Each structure stands twice: as C-alpha cells, then as structure tokens.
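# here's my sequence, what's the structure:
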Amino acid sequence: MRFKDITMCKLTSHYILLLMIYCFCLVGNSSAQTQGPLRFAIDHRSTEPLPPYRWFNHCSNNFRGVLSDLYTRLATDLGREPVFVEAPPASSLLELMQGTTGMVLNGDADFTIASPSLTAENKRALMGSQVVLRNRPTIVQSSTAANIDSLKTLESLTGVAVNPEHIINGLSRQGLKLSIKASPSMEQALMDIAQRRADYWITDRHTVHHLAKSLDVVQQLRFSSIEVGVTSRFYLYTQNTAAHAAQLKKIDGLIQRYEVSGYLDYLILDSVRYWIKDKGCLTVSSSR
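Numbers count the residues shown, from 1 in each chain. Have a look, this model is predicted:
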C-alpha cells in the first residue's frame with residue numbers, strides 16, 4: 001500500500017473516531033436536556049426578607065440568599081437548569097411552608113425545603129436524610145438589661161418576633177408560657193430590643209449580627225448564653241414517586257459532600273456579605 005493510501009486511511013480512522021465521539025456527546029446532551037429544568041418552590045417575592053437565607057432583590061429582579069444559591073448549585077451539579085417557582089404570599093412561617101410543600105405535592109415544583117416540626121406527615125411526600133439547614137435560635141437582649149440566665153425567666157418578660165407563634169409553640173413543649181408581641185419587621189424587632197421597648201428576641205444569630213451592624217446598635221445588644229432548645233432542621237422535600245426518590249438520593253449525596261467540604265457554611269457567610277449590598281433593593285419602589 002502506498003504512503004498516500006496509508007495516510008488517507010489514518011485520517012479516515014481519526015475522522016470516524018472524532019465523529020463517533022461527537023455523536024456520543026450529542027446523545028448525552030440530548031438525554032440531559034430531556035430531563036428538563038429542576039423546579040424549586042420558593043417564597044413569594046413579597047415575603048418578609050429572612051437573611052441570610054432568602055430575600056428578593058427588586059433591582060436585579062432575582063432571588064438571593066442561601067436557599068437560591070444552594071438550589072442553583074444542586075441543579076448545576078445534577079446537570080439541570082434551576083427554575084424558581086414562587087409560592088403564594090404568606091403571613092407566617094407555617095403558612096409559607098404549607099404553600100411551598102403544597103406546590104410540590106400538586107406537581108407545580110419538584111423540590112423545596114421543609115422542617116419535620118412544621119410539616120404534617122404525608123404518604124405522598126418524601127423528605128431527604130441529610131440536613132440542609134439548621135436554624136439555631138439565640139436570645140438577644142439589651143446590653144443594659146439584667147442578664148437572662150434561664151428560660152423560666154422569659155415568662156416574666158415581654159418578647160418580640162416577626163412570627164411569634166413558632167417560638168411560642170416551640171417553647172410551650174418545655175412547659176413555658178410566653179408573652180411575645182408581633183413586630184412588622186426584623187429591623188423594628190431589633191430596635192425594640194436596643195431601645196428596651198421589648199425584653200428579648202429569639203432569632204437566628206446571623207440575622208442579628210448583620211442587622212445590628214446596619215442599624216448601628218451593636219453596642220446596645222448582647223446575647224444570652226443559655227440554650228433555647230428549639231433548633232429547626234430543614235431537609236429537601238419532594239413527591240413520593242420512583243423518579244423523585246432517585247433524584248432525592250443523588251441530592252442527599254451532594255448535600256453530604258457540601259457539608260463535609262464546608263460549602264454550606266460558606267454560603268451563609270457569603271450571603272450575609274451581599275445581603276448588606278442588597279439592602280437598598282428590597283422593595284418594589286427601589287427598582288424604579
């Protein structure tokens with residue numbers, strides 16, 4: 001066989017190999033695309049912001065915070081496109097969770113997060129095995145007030161909260177009867193503590209840190225050292241079908257990897273950082 005023929009044979013073989021690889025990639029991409037987007041039920045954009053976990057930026061017109069970042073990462077690692085489906089407006093955490101889980105059960109979304117303590121058992125639903133978020137409440141009080149050194153002390157004081165019923169119900173299981181007034185916003189709740197219009201606020205430590213700095217009341221506050229004991233654990237929540245169960249198993253594996261690598265902690269710290277930048281974009285009027 002002549003050199004020219006040998007060369008042509010080699011080129012043809014390489015061409016066929018490249019063509020086979022190209023076709024394989026097309027088939028793989030086509031298979032991934034047929035799965036469609038991964039839909040996550042998320043709070044309505046008008047819901048009171050809960051940094052660092054979730055809020056809506058009306059300037060950039062997108063969801064922000066730990067949840068949206070986590071959902072985006074999960075979808076990307078699964079080779080899917082993330083889509084956020086808004087739940088109906090809600091006035092409490094319990095109502096909000098009923099809305100997002102209801103969307104999943106109705107097939108309007110694929111996943112959301114939920115807490116077993118706030119979600120009724122349902123045979124149509126599955127909950128992941130890996131904790132996605134842990135909300136560890138702490139007691140914040142005025143730096144000039146007497147230190148709260150026991151949970152029993154709270155019964156003689158007046159608390160404040162944006163959604164009082166969750167704390168009242170949670171601590172009632174420990175035999176406590178609390179008086180907590182509702183606040184229109186987290187900023188107002190913290191100012192009530194700083195100016196001693198209320199005695200305590202049981203909330204997330206990260207929330208207090210960033211609000212205190214933005215409101216310039218860091219020196220007017222302090223944290224109680226006692227354990228509140230109403231830690232909420234949140235898991236991925238989906239429909240009880242074979243397809244969703246298979247996807248949930250993959251997601252649990254990813255969540256475990258994120259936990260070990262420190263990625264979940266990083267999301268919280270990063271979200272606190274850009275929440276401060278988003279402060280001027282939290283209302284519809286700020287986008288005009």
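
# can you give me the neighbour number for the residue nearest to residue 130 when sequence neighbours are not counted?
Across the structure, with C-beta to C-beta, 6 or more residues apart in numbering as the measure, the residue nearest residue 130 apart from its sequence neighbours is residue 255 (4.0 Å). In short, each C-beta sits where N, CA and C put it, glycine included. Residues within reach of residue 255, counting by other C-beta atoms under 10 Å, total 21.

# mind giving me the packing neighbours of the helix or strand hosting residue 187?
In the assignment (DSSP states H and E), residue 187 maps to helix 186-194. In terms of contacts (3 or more C-beta pairs under 8 Å, 6 or more residues apart in numbering; DSSP states H and E), helix 186-194 is packed against strand 137-142, strand 158-161, strand 201-204, helix 205-215, strand 221-223.

# list the buried residues in whichever strand or helix holds the residue nearest to residue 130.
Under DSSP H and E, the secondary-structure element containing residue 255 is helix 242-261. Neighbour counts over helix 242-261 (16 or more other C-beta atoms under 10 Å) mark 244, 247-248, 251-252, 254-255, 258 as buried.

# could I get the helices and strands packed on helix 186-194 as CSV with mean pLDDT and distance to residue 235?
Rendered in CSV, the data for the helices and strands packed on helix 186-194 read as follows (pLDDT from 0 to 100; distance: least, C-beta to C-beta, whole Å):
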stretch, mean pLDDT, distance to residue 235
strand 137-142, 92, 18
strand 158-161, 95, 24
strand 201-204, 88, 18
helix 205-215, 80, 20
strand 221-223, 95, 27
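
# nearest to residue 239, out of those?
Each of the helices and strands packed on helix 186-194 was checked against residue 239 via C-beta to C-beta, and the shortest separation belongs to strand 201-204, namely 29.3 Å.

# check the gap between residue 243 and residue 126 for me.
11 Å (C-beta to C-beta, to the nearest Å).

# and what of residue 235?
Using C-beta to C-beta, we find residue 235 at a distance of 10 Å from residue 126.

# so which other helices or strands are in contact with the longest strand along the chain?
Looking only at the chain and at elements set by DSSP state E, the strand with the highest residue count is strand 232-239. In terms of contacts (3+ C-beta pairs under 8 Å, 6+ apart), strand 232-239 is packed against helix 93-105, strand 112-114, strand 125-127, strand 133-135, helix 242-261.

# hmm, who's touching the first one?
Spelled out, it's helix 93-105. 41-44, 47, 85, 87-88, 90, 109-115, 118-119, 122, 124-125, 163, 165-166, 237-239 (C-beta atoms under 8 Å, 6 or more residues apart in numbering).

# now, of the residues you listed, which are buried?
41-43, 47, 85, 87, 90, 109-115, 118-119, 125, 163, 166, 237-239.
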